[in-house]
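1. kindly generate the corresponding structure for this input.
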Amino acid sequence: MVLTPTGLRFLGRRFPCTIGRGGIRADKREGDGGTPVGTHRIVGLFYRPDRIAVPNSWAEPILPRDLWCDQSGDPHYNHLVQAPYSGGHETLRRADPLYDIVMVMDWNWPDAVPSKGSAIFIHGWRRPGYPTAGCIAFRRDHLRWIAERVMPGTLVHVPGQITVD
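-> Numbering: from 1, shown residues only. Okay, here's the model as predicted:
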């Protein structure tokens with residue numbers, strides 16, 4: 001996968017997407033809204049089994065207690081945790097459909113550095129052009145198509161400067 005000015009390229013197709021409200025960041029920090037520069041690996045694929053069919057044989061269901069720790073300095077920072085959890089976190093089982101499919105990138109994972117950013121995912125978008133908090137987001141059907149074909153370790157290249165290709 002390669003992020004370009006006109007979307008993300010994957011397996012010979014280009015998909016419109018949105019990125020973080022902070023743009024592309026080489027100096028990614030927790031809460032800056034930036035999508036981190038680099039070549040990242042897909043290390044997880046989660047889905048809502050109560051809403052959609054399994055998108056890929058290696059996908060894991062998002063269960064009611066699943067959370068993602070986003071509290072810098074917490075020993076579980078940038079990792080999956082279970083409710084009840086007293087540290088700062090994001091709920092993976094959301095009321096809206098944004099996380100019906102979630103691909104986890106290895107940004108600041110598995111050995112998370114405090115304040116370097118957490119929960120950098122690929123997920124569904126709210127609407128075209130609406131930015132994320134640092135993730136890459138797609139239209140629902142495009143996300144499904146990608147999730148059906150992605151494999152553990154698939155590379156996601158986010159260049160420091162995006163040029164027209």
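2. how close does the residue nearest to the spatial centre of the chain get to Pro84?
-> Per CA atoms, centre = their mean, the C-alpha nearest to the average position across the chain is that of Phe121, at 0.7 Å. Going from Phe121 to Pro84 by CB to CB, to the nearest Å gives 23 Å. The way it works is simple: take the backbone N, C-alpha and C, and place the C-beta from them, glycine included.
3. so who does the closest residue in space to Asp96 that isn't next to it in sequence touch?
-> Excluding its sequence neighbours, the residue lying closest to Asp96 (CB to CB, 6 or more residues apart in numbering) is Arg126, at 7.9 Å. Applying CB atoms under 8 Å, 6 or more residues apart in numbering, we find Arg126 in contact with Asp96, Leu98, Ala137.
4. closest to Asp50 among these?
-> Asp96 (13.9 Å; CB to CB).
5. secondary structure of that closest one: a helix, I assume?
-> No: counting by DSSP: H, G, I helix; E, B strand; the rest coil, Asp96 falls outside a helix, being coil.
6. just to revisit the earlier point, quick one: contacts for the nearest residue to the residue nearest to the centre of the chain once chain neighbours are set aside?
-> Of all residues not flanking Phe121 in the chain, Cys135 sits nearest, at 4.6 Å (CB to CB, 6+ apart). By CB under 8 Å, 6+ apart, the contact list for Cys135 reads Ile19, Gly20, Thr35, Ala119, Ile120, Phe121, Ile122, His123.
7. cool, and Gly33?
-> Gly20, Arg21, Gly22, Pro131, Thr132, Ala133, Gly134.
8. give me the buried subset of the residues you listed.
-> Buried members of the contacts of Gly33, counted by 16 or more other CB atoms under 10 Å: Gly20, Gly22, Pro131, Thr132, Ala133, Gly134.
9. nearest to Asn108, of those residues?
-> Within the buried ones among the contacts of Gly33, the smallest distance to Asn108 is 10.8 Å, found for Gly134 (CB to CB).
10. re earlier: make TSV out of the buried ones among the contacts of Gly33 and add pLDDT, distance to Leu67 and secondary structure.
-> As requested, these are exported to TSV (pLDDT from 0 to 100; distance: CB to CB, whole Å; DSSP: H, G, I helix; E, B strand; the rest coil):
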residue	pLDDT	distance to Leu67	secondary structure
Gly20	96	21	strand
Gly22	96	23	coil
Pro131	97	23	coil
Thr132	97	18	strand
Ala133	97	16	coil
Gly134	97	17	coil
